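Asks: predicted structure and sequence below. I'll ask about it afterward.
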Amino acid sequence: MAYPTLRGDPLKSQRAPFGSRLPNIFLFLGDVIAMMASFYFARISHALYYNLDVASTLIHWWGSEFSANMLLFPMMACIALSWFVHNGHYNRGKSFWDELGEMFEALTFLALLNAAFAFSGRLPLSRLWLFSTWALAFILVPLTRFAVHHLLIITGIWQRPYVLLGGGNNALEASQAIQSEPILGYRLSALLLPDDTDVNSNFSSTLPRIHVGNDPLSVLKELGNPYLVVALESAQYDATKDIVELLGLSYPNLTLAPPLRGLPLLGLETLHFFNHEIVMLRSRDNLSRLGPRFMKRSFDIVCASLLTLILSPFLLLITWLIRQQDKGPAIFSHVRIGKDGKEFGCLKFRSMVIDADRRLIDYFTLHPDAKEEYDRTFKLKDDPRITAIGKFLRRTSLDELPQLFNVLRGEMSLVGPRPVTQLEIEKYYGNVADTYKKVLPGITGLWQTSGRSDTTYEQRLYFDSWYVKNWSLWYDIVILLRTVKVVFWREGAY
């Protein structure tokens, strides 16, 4: 049996480049160049700071502190590169944020190790040079890695086709997850369908759909042996047991995507048993443990204190502008539900007129369709209550800056679920309410960086629930970084 639709463009024609190690070599060389550039740019800045001749210090390095740095830093760089190789950074197994987190983790450890040598006094190391080198490495290594990845993607060298075994909701979610990470370089080329499989309507109608029957290996061979992701529904595993077993034994390019929606997946451990065909997945709830909770709270206090100090002139300016508008209060407090179901006053810069409640009632009288929108999302795209400066504050999310004081008082966190009212919990949350009440609500969160007001309420609940179950300090940092992008691009805010 032949499949001409797939053998040409999507699969077969691009098979050759992926068998080579060229993309991996490019990524490795990019890291080497970034490390070397960090070292030499730091040396140049060091020479300029001390009014030294740059050319001379780069050429005649022996018998000086340059020689010690010249010997020690390359050793640290080699350790970093070996660590990246060991953790699969030059293959396709890491998402962008996970790869970036592991990169920072390795660079931080090696920078501290390098600093230990410098401050021990046993080697003539320049501490300024050391700091400059690693500061540049923290910038240049990720940027170079990203640039090389992007270059490989746009040239097609990093592209690799894959096929999905399955066509239901789990297969759709697997494809969406892979598509959200361009750094992986995978492109969906076909659906392989066991008998009597219903295909989710959200899959493209132009995507080839092939029934595998009882001989999936022959079908995969005809397709050029692409990468295979098994993403069946729970009810399908019994009916396709023989197919899955055959693929597991005989097909090397295989990944399983079991339906585990709702479980805490971060830090999931696999338990294997000798002489038994069973694997157990052990999950853990990070925020139920004292250590992670202490780490999160410490991070909140330090960052909120620094932000409050740095932004204090800006906070005073916004306060003055609001007061100039209508002489009303600049900050208001509205009741929200916090950790353990306790009520607290959530602070915000006032972005509405003083008689907001009356104006809303009058607006609903004239625009009954707007009430349906408000009942559905608790927001209005064209809200008549918003002042001129309030529109700017909301678009940029600056109205939420006073919540830094909520963080310092222990009522909120920098990152967490969106603070909601008791009415919202009763109306929408259901079983998710207990998950919400386990943690402090946040100034920003996964929902705010995933579409904000353009998402449905059900999606908000999913994002908040996912965050609580899969918390890590690195993910908090990721969400804060994504928040900066969302604020500057004003995505989904009204």
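Replies: Alright, I've got the coordinates.

Asks: remind me which residues of the stretch 51-200 of the chain are low pLDDT?
Replies: 52-70, 121-125 (pLDDT under 70).

Asks: again, 50 this time
Replies: Along the stretch 51-200 of the chain, the model assigns pLDDT under 50 to residues 63.

Asks: in it, which spans are helices?
Replies: 54-59, 65-86, 96-120, 127-154, 169-179 (DSSP state H, counting those that start in this stretch).

Asks: out of these, which gets nearest to residue 397?
Replies: Closest approach to residue 397 among the helices of the stretch 51-200 of the chain is made by helix 96-120 (21.4 Å; CB to CB). All C-beta atoms are positioned from the backbone trio N, CA, C, and that covers glycine.

Asks: for the closest one, what is the distance to the chain centroid?
Replies: Centre-to-centre, helix 96-120 and its host chain are 20 Å apart (CA atoms, centre = their mean, to the nearest Å).

Asks: re the thing from before, for the helices of the stretch 51-200 of the chain, which one sits closest to residue 263?
Replies: helix 169-179 (13.3 Å).

Asks: show me where the chain has strands.
Replies: 160-165, 186-193, 209-211, 227-230, 254-256, 269-272, 279-282, 331-337, 343-349, 413-415, 442-444 (DSSP state E).

Asks: mind listing the strands the fifth one pairs with, and their directions?
Replies: Okay, so that is strand 254-256. Sheet pairing for strand 254-256, assigned by DSSP bridges, gives strand 227-230 (parallel).

Asks: before we move on, the earlier item: now the strands of the chain as TSV including mean neighbour count?
Replies: Formatted as TSV, these follow (neighbours: other CB atoms under 10 Å):
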stretch	mean neighbour count
strand 160-165	23
strand 186-193	21
strand 209-211	15
strand 227-230	21
strand 254-256	15
strand 269-272	9
strand 279-282	10
strand 331-337	16
strand 343-349	18
strand 413-415	26
strand 442-444	26
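
Asks: among those, which comes closest to residue 176?
Replies: Of the strands of the chain, nearest to residue 176 by CB to CB is strand 186-193, at 9.9 Å.

Asks: what's in contact with that closest one?
Replies: With CB atoms under 8 Å, 6 or more residues apart in numbering as the test, strand 186-193 has contacts from 6, 10-11, 92, 159-167, 171, 175, 178-179, 199, 203, 207-212, 216, 219-220, 223, 226-228.

Asks: could you give the angle of the top helix by length along the chain to strand 343-349?
Replies: Counting residues, the longest helix found in the chain (DSSP state H) is helix 290-326. If you take axes from the mean of the first three to the mean of the last three CA atoms, to 10 degrees, helix 290-326 sits at 50 degrees to strand 343-349.

Asks: tilt between helix 290-326 and strand 331-337?
Replies: 140 degrees.

Asks: buried stuff in helix 290-326?
Replies: Residues of helix 290-326 classed as buried by neighbour count (16 or more other CB atoms under 10 Å): 292, 296, 299, 300, 303, 304, 308, 315, 318, 319, 322.

Asks: then stretch 103-112?
Replies: Result for stretch 103-112 [16+ other CB under 10 Å]: buried residues 103, 106, 107, 110, 111.

Asks: quick one: pLDDT of residue 9?
Replies: pLDDT for residue 9: 38.

Asks: average pLDDT across the longest helix of the chain?
Replies: On average, helix 290-326 scores 94.

Asks: just how off-centre is it within its chain?
Replies: On CA atoms, centre = their mean, the centre of helix 290-326 falls 23 Å from that of its chain.

Asks: what's that helix packed up against?
Replies: Judged by 3 or more CB pairs under 8 Å, 6 or more residues apart in numbering; DSSP states H and E, helix 290-326 is in contact with strand 343-349, helix 388-395, helix 403-408, strand 413-415, helix 473-489.

Asks: how far off helix 388-395 does that helix point, in degrees?
Replies: Using the same axes, to 10 degrees: helix 290-326 against helix 388-395 is 160 degrees.

Asks: quick revisit: tabulate the buried residues of helix 290-326 in TSV, adding columns for distance to residue 276.
Replies: TSV is the format used below for these (distance: CB to CB, whole Å):
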residue	distance to residue 276
292	32
296	38
299	42
300	44
303	47
304	50
308	56
315	61
318	63
319	66
322	66
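
Asks: closest one to residue 332 out of these, please.
Replies: residue 322 (10.2 Å).

Asks: circling back to that earlier point, residue 480 is nearest to which of the helices of the stretch 51-200 of the chain?
Replies: Closest among the helices of the stretch 51-200 of the chain, using CB to CB: helix 96-120, at 12.1 Å.

Asks: show me what that closest one is packed up against.
Replies: helix 65-86, helix 127-154, helix 473-489.

Asks: ok, now with 7 Å
Replies: On a contact count with 3 or more CB pairs under 7 Å, 6 or more residues apart in numbering; DSSP states H and E, helix 96-120 meets helix 65-86, helix 127-154.
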